[in-house]
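J.: coords please:
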Amino acid sequence: MKRLLIISIFSFFSFVSLGQFNNLRSKILVLKKDTLVFDSLSIVNGSLNFANPADSNKYKIDLASKKIFKIKSDTISDTVRFTYRVYAFDFEKKYFHKDIVKLNKDMAFPNNPFNIAFNKETDKPKNAFETDGLTKNGSISRGISFGNNQDVVVNSNLNLQVSGKLSNNIELSLAATDNNIPIQADGNTQQLQEFDKVYIQLNDQSSKLIVGDFQLSRPNSYFMNFYKRTQGMYFTNTTGIKFYPVTKKDETPKMKSSITSSFSGAVSKGRFARNVIQGTENNQGPYRLRGADNELFIIVLSGTEKIYIDGKVLTRGQENDYVIDYNNSEITFTSRNIITKDKRIIAEFQYAERNYARALYFASSEYKSEKFKINFNYYQESDNKNKTLQQSLSDPEKLLLTKIGDTLENAVTPGYSLSEFNTTEVFYHKLDSVIGATTYTNVFVYSTNADSAKYRVKFSYLGPGKGNYKQTQTTANGRVYQW
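T.: Residues are numbered from 1 along each chain as shown. Now for the predicted structure:
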C-alpha cells in the first residue's frame with residue numbers, strides 16, 4: 001500500500017511536469033526549396049525519427065541550425081513527416097543582461113564619471129547652469145567709490161531678464177533688479193523702456209500668475225473704466241466647459257463655452273487725475289499738469305497718460321503728437337497739432353501720491369458661450385489712513401490734528417529736524433539774517449558742507465505771492481528752495 005502511494009505521487013508530479021511543458025513536436029513539411037528552417041528551439045539529440053524510414057536517405061537534418069536539406073534533387077515526393085523533441089531554450093542564441101555595445105572598447109581604461117574632459121571635435125562643453133528653453137540676458141556691475149568726505153563704498157548692481165519654457169506647458173517671464181533708480185523713462189518716444197519694473201510671470205494654456213509690478217486695466221465691459229500701475233499679485237484662469245451632443249453620444253465633446261476668473265491684490269503706485277487744459281494761441285507748451293487736489297509739483301507715472309484733443313486720442317513721440325516730461329509733469333505738443341484757445345485738451349494720468357499706502361483689490365468672473373456672455377467685476381481702492389508713507393506724526397502732532405477740526409489753516413508745525421548728513425539727500429544749515437533793521441531767525445540755506453548742513457526741511461505751498469522761499473534750479477538730487 002505504501003509503495004503504491006509513492007508511485008502515485010511520483011506519477012502525479014510527472015503528469016504535472018508534462019502538463020507544464022510538452023517538448024514533443026510532430027512536423028509535416030512540404031519542401032518547395034532545397035533548404036527549410038523548421039523550428040526556433042534547440043533539438044534534443046537523438047530524438048528525431050522519420051515517419052517513413054526511407055526518408056532518412058533523401059533528407060538531412062542539421063540539429064544545430066534547425067534546418068532540413070534535400071540530399072537528392074530528383075526526389076519525387078516533397079512531403080516529409082517526422083517527430084522530435086526540443087529544449088525550452090535556443091542554445092545557439094546569445095543571452096545577456098547588459099548591452100555589450102555599450103561596453104568600453106578598452107576595458108583597461110574604464111570611464112571616470114568625475115572626468116569633465118571632452119573632445120573638441122565631437123563634444124561640446126556643457127554649462128552647469130544651463131537651462132534648456134530659457135533665454136537669459138542682463139548685467140552685473142561692481143564698483144568702488146570714495147571721496148574726501150566719505151569712506152570707501154562698494155557698489156553692486158544687478159539687472160536680469162529671463163524668458164522661455166520651464167516645461168512643455170509652463171512658460172516663465174522674469175525681470176529683476178537690485179537698483180533703486182529715482183528716474184523714469186523719457187516721454188519722447190512711443191515705446192518706453194521700463195527701469196523700475198520687477199516681476200515674475202508664469203503661464204500655461206489656461207492660467208497666468210504675475211507677482212511684482214504689473215498693469216491692471218479695465219475689463220472687457222462698458223462700465224468700470226480704469227488703468228492702474230500696481231505692485232502685488234494677479235491670477236487668472238480660463239476653464240472650458242465640455243458639450244456632449246444629444247443625438248450622437250459617441251461624438252467627441254466640443255468646447256462651446258468657458259468661464260474666466262481673475263483675482264488681484266496689490267498696492268497702487270499712483271493716484272488718478274484728470275486735467276482740462278486751456279490752450280494758448282500759438283503756444284505748443286510746455287503745459288504743466290496738476291494733481292487731483294490741484295498739487296503743482298507732482299511726478300507723473302510713465303506710460304499712464306492719455307491725452308485728448310477735441311475727443312481724439314493722441315500718440316506720444318517727437319515724430320507724433322506730443323512729448324511729456326514725467327518728472328516735471330509738463331507736456332509739449334508737436335507741430336502736428338497747432339494749439340489755439342478753442343482746442344479742447346484733456347489729460348488723464350496717474351501721479352505718484354505717496355501720502356498713504358493705497359490698497360487695491362480686483363475680482364472678475366466671466367461666462368462666455370457662442371450666443372451669451374455675462375460677467376461680474378469687483379474693484380476697490382482705498383487709503384490706509386493709519387499708515388503714512390512720507391511722514392511719521394509724533395504724539396503732539398496727532399494731538400494738534402484732533403483739536404483743530406476742519407480749520408486747516410491751523411494745521412501747521414515746524415518742518416525741520418536734525419539729521420546726519422548724507423550726499424543722497426538735500427540738507428540745509430540754519431542761520432540768522434539781518435536785512436536793514438530787521439532780524440530774521442531760523443533761515444535755512446542749502447549746503448553741501450557736512451559740518452554745517454544738519455537739517456532736513458519740509459516746505460508747504462501757501463499760494464501765489466505768499467511764503468518766504470522759492471524753488472531754485474540746482475544739480476542736487478531733489479528740489480532745493482532758496483530764502
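
J.: And the pLDDT for the most centrally placed residue in the chain?
T.: Nearest to the centroid of the C-alpha atoms of the chain, with distances taken as C-alpha atoms, centre = their mean, sits Gln201, at 2.4 Å. Turning to Gln201, the model gives it a pLDDT of 88.

J.: what's near enough to touch it?
T.: Applying C-beta atoms under 8 Å, 6 or more residues apart in numbering to Gln201 gives the contacts 172-174, 208-211. No exception for glycine: its C-beta is placed from N, CA and C like everyone else's.

J.: quick one: secondary structure of it?
T.: Here Gln201 is recorded as strand under DSSP: H, G, I helix; E, B strand; the rest coil.

J.: and what of Leu393?
T.: Three-state call for Leu393 (three-state DSSP): coil.

J.: And the next helix or strand past the one helix or strand in the chain whose mean pLDDT sits lowest?
T.: The least trusted helix or strand in the chain, going by mean pLDDT, DSSP states H and E, turns out to be helix 2-20, with a mean of 47. The helix or strand immediately downstream of helix 2-20 is strand 24-30, counting by DSSP states H and E.

J.: Tell me which residues are up against that following strand.
T.: Outside strand 24-30, the residues touching it (C-beta under 8 Å, 6+ apart) are 36, 38-39, 68, 78-86.

J.: got it, and stretch 335-346?
T.: 274-285, 287, 307-311, 314, 320-322, 333.

J.: Do me a favour and get the end-to-end distance for that stretch?
T.: Using C-alpha to C-alpha, to the nearest Å, one end of stretch 335-346 lies 18 Å from the other.

J.: That one: which residues count as buried?
T.: 337, 339, 343, 345 (16 or more other C-beta atoms under 10 Å).

J.: Show me these that map onto helices.
T.: In helices, judged by DSSP state H, none of these are found.

J.: Which of the contacts of strand 24-30 fall in strands?
T.: 36, 68, 79-85 (DSSP state E).

J.: From these, list just the buried residues.
T.: Buried subset of those (neighbour count, 16+ other C-beta under 10 Å): 36, 68, 80, 82, 84-85.

J.: now, among the residues you listed, which is nearest to Thr438?
T.: Nearest to Thr438 among those is Leu36, at 131.3 Å by C-beta to C-beta.

J.: dump the residue contacts of the nearest residue to that closest one once chain neighbours are set aside.
T.: Once flanking residues are discounted, Leu36 sits nearest to Ile68: 5.4 Å by C-beta to C-beta, 6 or more residues apart in numbering. With contact set as C-beta under 8 Å, 6+ apart, Ile68 has these partners: 29, 31, 35-36, 38, 59-62, 80.

J.: picking that back up, what subset of the contacts of stretch 335-346 is buried?
T.: Buried, going by 16+ other C-beta under 10 Å: 275, 277, 279, 284-285, 287, 307, 309, 314, 321-322, 333, out of those.

J.: Can you flag which of those residues belong to strands?
T.: Using DSSP E, 275, 277, 287, 307, 309, 322, 333 are the members of the buried ones among the contacts of stretch 335-346 that sit in strands.

J.: So what's the residue count around Pro223?
T.: If you look again at residue 223, you'll see it is Phe, not Pro. Neighbours of Phe223 under the rule other C-beta atoms under 10 Å: 9.

J.: The closest residue to it other than its chain neighbours: neighbour count?
T.: Nearest residue to Phe223 in three dimensions, chain neighbours excluded: Asn377, at 7.6 Å (C-beta to C-beta, 6+ apart). Residues near Asn377, counting by other C-beta under 10 Å, number 16.

J.: For stretch 280-294, what is the distance to the chain centroid?
T.: 39 Å (C-alpha atoms, centre = their mean, to the nearest Å).

J.: same check, this time on stretch 355-370
T.: For stretch 355-370, the distance to the chain centre is 20 Å (C-alpha atoms, centre = their mean).

J.: Ok, stretch 403-411 next?
T.: The chain centroid and the centroid of stretch 403-411 are separated by 49 Å, computed with C-alpha atoms, centre = their mean.

J.: got the end-to-end distance for that stretch?
T.: Using C-alpha to C-alpha, the end-to-end distance of stretch 403-411 comes to 10 Å.

J.: what mean pLDDT would you report for it?
T.: Averaging pLDDT along stretch 403-411 gives 79.

J.: Now do that stretch: everything it contacts.
T.: Residues contacting stretch 403-411 (C-beta under 8 Å, 6+ apart): 400-401.

J.: Show me the chain divided up by domain.
T.: For the chain, whose domains are defined here by automatic domain parsing, the residue ranges read 271-352, 395-482.

J.: what is Arg271 paired to in the beta sheet?
T.: In this entry, Arg271 is beta-bridged to Tyr351, by DSSP bridges.
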